[in-house]
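> after the sequence you'll find the predicted model.
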Protein chains: 2
Amino acid sequence: MARPQRRTVRDIRRGNRAVLLRALYFSGPTSRNDLTARTGLSAATVSTMTADLLGENIVVEAGQVESDGGRPRVLLRVNPEYGFAVGVDVAETHVRVGLFDLEMTERAKVDYMLRPARHDPELIARHILAGVDVVLSDAGVSPEQVLGIGVGVPGIVEPGADGVIHAKTFGWDGVPLGALLRRGTSLPLYVDNGAKTMGQAELWFGSGRGASEAVIVLLGVGVGATIVADGTTFRGVSSSAGEWGHTKIVANGRPCRCGGRGCLEAYVGIEAILDRAGVASRGDWEEDLAGVLASKSPVVEETVTYLGVGLANLVNLINPEKIVIGGWVGVQLGESLLPDIRRATAANSLAEPYAATSIVLGRLGPDAVALGAATLVLEEFLNAPQVARITAAG
Amino acid sequence: MARPQRRTVRDIRRGNRAVLLRALYFSGPTSRNDLTARTGLSAATVSTMTADLLGENIVVEAGQVESDGGRPRVLLRVNPEYGFAVGVDVAETHVRVGLFDLEMTERAKVDYMLRPARHDPELIARHILAGVDVVLSDAGVSPEQVLGIGVGVPGIVEPGADGVIHAKTFGWDGVPLGALLRRGTSLPLYVDNGAKTMGQAELWFGSGRGASEAVIVLLGVGVGATIVADGTTFRGVSSSAGEWGHTKIVANGRPCRCGGRGCLEAYVGIEAILDRAGVASRGDWEEDLAGVLASKSPVVEETVTYLGVGLANLVNLINPEKIVIGGWVGVQLGESLLPDIRRATAANSLAEPYAATSIVLGRLGPDAVALGAATLVLEEFLNAPQVARITAAG
DNA sequence: GTGCTTGTTTTCGCCTCTGAACTAAGATGA
DNA sequence: TCATCTTAGTTCAGAGGCGAAAACAAGCAC
């Protein structure tokens, strides 16, 4: 019952332009000749379209490749400085603002520490807006060059222009962060859940690269997942799809901070692991977890088993070609225990879907949330590169 | 990272033709004038395109509506007899073959009983092929008029032309049912999991109508689900997505016939319910279940709770706008216990996604599997109505 | 019959793609 | 050195598509 939209001749141009630009972006420096092969477009179309893009400075030349006996190929690439994207990571303990060029190279960043339990929305909005100013001036980039601001936040983000957020751990229930930011900037805004922006980053630039059906799981303080269907993040009807951490793996099991019982997060979230291991944290969770892992406590094996159950449920239900385990807890667990995790997953999955899935570790570090947020801007740019840029007013 | 394909001018025509045909199909008799509004196409395009479709006999006139003071509107509709679709339901106890016209009115059907544990693939293929002949001659339809054959089967169906099936309960491991059928017919074949074809039927013609993000769950002997994303069935990388029945809701719980432990099916599948209630079945499961429901056994409440956990996991992970509970067990449970099922689901879901979901009962009876299988043919027809029909050879 | 209203068709201009002819730019070898 | 070959990229004419607007069709009201 998919509802395709009507199309007109111009949509073709827009669509093909996006196809071309994506090919150019993901293949690095490429000749027009290669592009005809990659996109399926005719040489004529590639020629006129690249001429347009060169004229708009979206694409630039990048040297030549001499060929054996013919005219050399001129290499083209997306101009990394055509525009910039801001990526913001709003986390428990800090707000991080990064400025990225179109190649997603970080040009500047700034952190604002948050006092625990000081998650006043106004304060965070001010940090973000101040951060944007700082990274722009640090990098010598003017607001007109910025294509947009992506923000990754905890909790559920309602679809819609106001970016309304429900984040229990922040005490946020219906905070319109997008609207708050809109007061201070007229740049395009993209607000999304942080697990999803991290997933976006791993999908585009990390271990998920090239996968079309994938799940990127985030194990940290919270537990979440990004479900990728047909190459794009699956959001569900109200944009909260992927709340894997609160799926139940033990009916009526351990209490979870969400108020429910038996949630996956209540077994494999960092607090749950430390709690079950009887570790009274002294503040450095990474060290604590390392201690638990080194201790050979039975809690480690249990955790792997529970994680395997959670992953197996994804395998059975989603049938992805790849599962990427990210988040610092995930990576720390995976570094030593990946084979065990795979085994535990296999033990709880159906054979056919398990055989179709590869389980790998995430490649990107803790900056992935901000990078992924910036990628939201990039995605928009690649899909609709012709949209007139909104000029910043403030 | 969605990979749009390049498009050419002709793709537009094909796409818009599909848009128009769908509008016509789902709006019933409609005037050209209405169609311009519904599709967004210009009156000119609608006019030329409907002329084509009328010429091809895909669309026919269906009377007029006099208007107040202007030229009357001529109503158009899809010609229900332009073509026919065969839908096949391969179940534990029988093979059912139905012939449907384009409006999905059943024109003829035939059943072949299967002896328990007599699931020889060759036999079943013979039944299907014989059934096709029977329904065609019963309805006086020639093979040239048939647009295709859809088959709903248990288990996992590999993507690909051979329709390779893995169905543990049938003892099938790699049975190429599609290839077996191909020997006896040259009509287009569509083989899919039966839970998915039932889901397709509920989505198009039952309680799921109009939903774009939905899950249709099937509770019967087996337990499965159809996940609908953006209006189409989500299949995952190897077409096995939706194996909800074998997701774990109790880590290390009750053993399941799949060999695993703690599967949802081991709690809410019919065999599990009867087993937990201590009922030694005398063969009529529907009656047995009715007995359990009437007995007010605590098993009923437990079952509701487990089902609620399973549904809540879907709510959290998939965030659908609608969950349709189908399958005979599901409907029998739901008829008296739907409010309790909703409550149990709410208790195990996050508030936001739960609030966005409505949980309803399936509307279609046991014929939904065959109907949905035929709908696979219809879907293809509506999406690509210009494809030349393959002439039947045998 | 004359105007009015609304539905449908036709005409015409513009846009997009493609195949084919054409131009560009270097390598090769006599 | 220069004609020839090879491969890359551009230009042009033609076909097919859509939409706006004009034209045509078919009733109603008076």
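Arrived safely.

> could you use CA atoms for every contact and neighbour count after this?
Fine.

> which residues touch the nearest residue to A:Val250 once chain neighbours are set aside?
Excluding its sequence neighbours, the residue lying closest to A:Val250 (CA to CA, 6 or more residues apart in numbering or on different chains) is B:Val250, at 4.2 Å. By CA atoms under 8 Å, 6 or more residues apart in numbering or on different chains, the contact list for B:Val250 reads A:249-251, B:261-263.

> kindly report the same for A:Tyr190.
Taking CA under 8 Å, 6+ apart, we find A:Tyr190 in contact with A:148-151, A:178, A:373, A:376-377.

> which among these gets closest to B:Val221?
Nearest to B:Val221 among those, counting by CA to CA, is A:Leu376 at 44.0 Å.

> re earlier: want to throw the contacts of B:Val250 into TSV with distance to DNA strand D and pLDDT?
Below are the contacts of B:Val250 laid out as TSV (distance: CA to the nearest atom of the strand, whole Å; pLDDT from 0 to 100):
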residue	distance to DNA strand D	pLDDT
A:Ile249	51	97
A:Val250	54	96
A:Ala251	53	92
B:Arg261	54	94
B:Gly262	53	96
B:Cys263	50	97
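
> widest-spaced pair of those residues?
Top of the distance list for the contacts of B:Val250 (CA to CA): A:Ala251 and B:Arg261, 13.3 Å.

> so stretch A:76-85, near DNA strand D or not?
No: residues of stretch A:76-85 are not located near DNA strand D by CA under 7 Å from any atom of the strand, the shortest gap being 8.1 Å.

> just how off-centre is that stretch within its chain?
A distance of 20 Å separates the centroid of the chain from that of stretch A:76-85, by CA atoms, centre = their mean, to the nearest Å.

> so A:Ala125 sits against A:Arg182, correct?
No: taking contacts as CA atoms under 8 Å, A:Ala125 lies outside contact range of A:Arg182: 9.6 Å.

> ranges for the strands of the stretch 151-300 of chain A?
Counting by DSSP state E, counting those that start in this stretch, residue ranges of the strands within the stretch 151-300 of chain A are A:156-157, A:164-167, A:172-176, A:189-193, A:214-219, A:223-229, A:232-233.

> for B:Leu99, which of those strands is the nearest?
Closest among the strands of the stretch 151-300 of chain A, using CA to CA: strand A:223-229, at 33.6 Å.

> tell me if that closest one is near chain B.
Yes: between strand A:223-229 and chain B, judged by CA under 8 Å from any CA of the partner chain, the touching residues are A:Ala229.

> output the contacting helices and strands for that strand.
Here strand A:223-229 touches helix A:194-205, strand A:214-219, going by 3 or more CA pairs under 8 Å, 6 or more residues apart in numbering or on different chains; DSSP states H and E.

> in its sheet, what does that strand sit against?
With DSSP bridges as the test, strand A:223-229 is paired with strand A:214-219 (antiparallel), strand A:232-233 (antiparallel).

> tell me the mean pLDDT for it?
Averaging pLDDT along strand A:223-229 gives 96.

> distance between that strand and the chain's centre?
Using CA atoms, centre = their mean, the distance from the centre of strand A:223-229 to the centre of the chain it belongs to is 10 Å.

> what are the buried residues along that strand?
A:223-229 (16 or more other CA atoms under 10 Å in any protein chain shown).

> turn these into JSON lines, columns for distance to DNA strand D.
Shown next, in JSON lines, are the buried residues of strand A:223-229 (distance: CA to the nearest atom of the strand, whole Å):
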{"residue": "A:Val223", "distance to DNA strand D": "46"}
{"residue": "A:Gly224", "distance to DNA strand D": "42"}
{"residue": "A:Ala225", "distance to DNA strand D": "40"}
{"residue": "A:Thr226", "distance to DNA strand D": "36"}
{"residue": "A:Ile227", "distance to DNA strand D": "34"}
{"residue": "A:Val228", "distance to DNA strand D": "32"}
{"residue": "A:Ala229", "distance to DNA strand D": "29"}
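
> contact residues of the stretch 251-394 of chain A facing chain B?
A:251, A:258, A:260-261, A:306, A:309-310, A:312-313, A:316-321, A:347-350, A:352-353, A:356, A:379.

> circling back to that earlier point, quick check: the residue nearest to A:Val250 vs B:Gly310, distance?
10 Å (CA to CA, to the nearest Å).

> likewise A:Gly148?
A:Gly148 is 40 Å from B:Gly310, by CA to CA.

> now swap in A:His119 and tell me
From A:His119 across to B:Gly310, the span is 34 Å (CA to CA).

> of these two, who's got more company?
Taking other CA atoms under 10 Å in any protein chain shown, A:His119 and B:Gly310 do not tie; B:Gly310 has more neighbours (28 against 19).

> wait, a strand at the more buried one?
No: using DSSP: H, G, I helix; E, B strand; the rest coil, the assignment for B:Gly310 is helix, not a strand.

> and it, what pLDDT?
For B:Gly310, pLDDT reads 98.

> repeat for A:Ala2
What the model reports for A:Ala2 is a pLDDT of 54.

> same question for A:Gly28.
Reading off the confidence values, A:Gly28 has pLDDT 82.

> nearest residue to it in space, please, no chain neighbours.
Among residues not flanking A:Gly28 along the chain, A:Arg77 sits closest, at 6.1 Å (CA to CA, 6+ apart).

> same question for A:Ala344.
Per CA to CA, 6+ apart, closest to A:Ala344 is A:Gly308, 4.5 Å.

> go on, A:Thr303?
Of all residues not flanking A:Thr303 in the chain, A:Val268 sits nearest, at 5.9 Å (CA to CA, 6+ apart).

> tell me, how many residues neighbour that neighbour?
28.

> and it, how far is that from A:Ala214?
Per CA to CA, A:Val268 is found 21 Å from A:Ala214.

> do the same with A:Leu314
To A:Ala214, A:Leu314 is 10 Å away according to CA to CA.

> then A:Gly310?
Per CA to CA, A:Gly310 is found 15 Å from A:Ala214.

> pick the one among the contacts of B:Val250 closest to B:Asp52.
B:Cys263 (53.0 Å).

> just list the residues touching the closest one, thanks.
B:Cys263 touches B:245-250, B:253-256, counting by CA under 8 Å, 6+ apart.

> and the stretch 51-200 of chain A, which residues reach chain B?
Residues of the stretch 51-200 of chain A lying close to chain B (CA under 8 Å from any CA) are A:Ile156.

> follow-up on the earlier one: including distance to DNA strand C and mean neighbour count, could the strands paired with strand A:223-229 go into CSV?
Shown next, in CSV, are the strands paired with strand A:223-229 (distance: least, CA to the nearest atom of the strand, whole Å; neighbours: other CA atoms under 10 Å in any protein chain shown):
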stretch, distance to DNA strand C, mean neighbour count
strand A:214-219, 30, 29
strand A:232-233, 23, 21
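
> for A:Gly291, which of those strands is the nearest?
In terms of CA to CA, the element of the strands paired with strand A:223-229 nearest to A:Gly291 is strand A:214-219, at 17.6 Å.
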